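Fold the following, please.
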Amino acid sequence: MRRTVPLLLAAALCFACKSTTRIPPQWVSGEVRVPSERVLFEVSAMALEQHGFELGSDFDPAALEAVSGWKHDLAPFRGQGWRERVHLKYRPQGEGAYQVEARIETQVNMDHVRPLDLRYAKWEPAEDDLEEAEILLERIRAYVGGEIELSPERPLPWEG
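Prediction:
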């Protein structure tokens, strides 16, 4: 009996350590040239919506960071349903250039009793979706085009 208790405790600790394994975030980055930060955030919002992500409450132009809401895709089998959200970071590079870093955080639903019900989902981290992050970054670039030059006499359309 004295031997089994320590063995059971060791097994429980190993199981607990395995379930809290953290997957390191993976970022995709690229440079974007825009006339202003406002334009950068507008095209980022359009790219997120086009990609199927809702704007989250963490869309913060002052901090030059954005986090979208979760996009869900549930499945009737354990481990096949997933959810994703986008993390964006902007770093000024000078002269209207910004380094944009994109990450699509992914989690899978490990609930086996009710995998189609969000209320009972058991989300566990999965590998980030690098391909989708690259597509999102290219979509942001496509919205601003290769080069945008605005002359002082030609304001943006929403500036009247």
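
Between the two ends of stretch 52-65, how far is it?
End-to-end distance for stretch 52-65, by CA to CA, to the nearest Å: 19 Å.

List the residues that contact residue 122.
109-111 (CB atoms under 8 Å, 6 or more residues apart in numbering). All C-beta atoms are positioned from the backbone trio N, CA, C, and that covers glycine.

How about the residue sitting nearest the centre point of the chain, nearest residue that isn't a chain neighbour?
With distances taken as CA atoms, centre = their mean, residue 86 lies nearest the centre of the chain, 1.8 Å away. Using CB to CB, 6 or more residues apart in numbering and skipping residues adjacent in sequence, the residue nearest residue 86 is residue 68, 4.2 Å away.

and the one you found, what does it touch?
48, 53-56, 59, 85-86.

likewise residue 104?
If you count contacts by CB under 8 Å, 6+ apart, then residue 104 has 84-87, 128-130, 132-133, 136 around it.

Go through these and flag which are in strands.
84-87 (DSSP state E).
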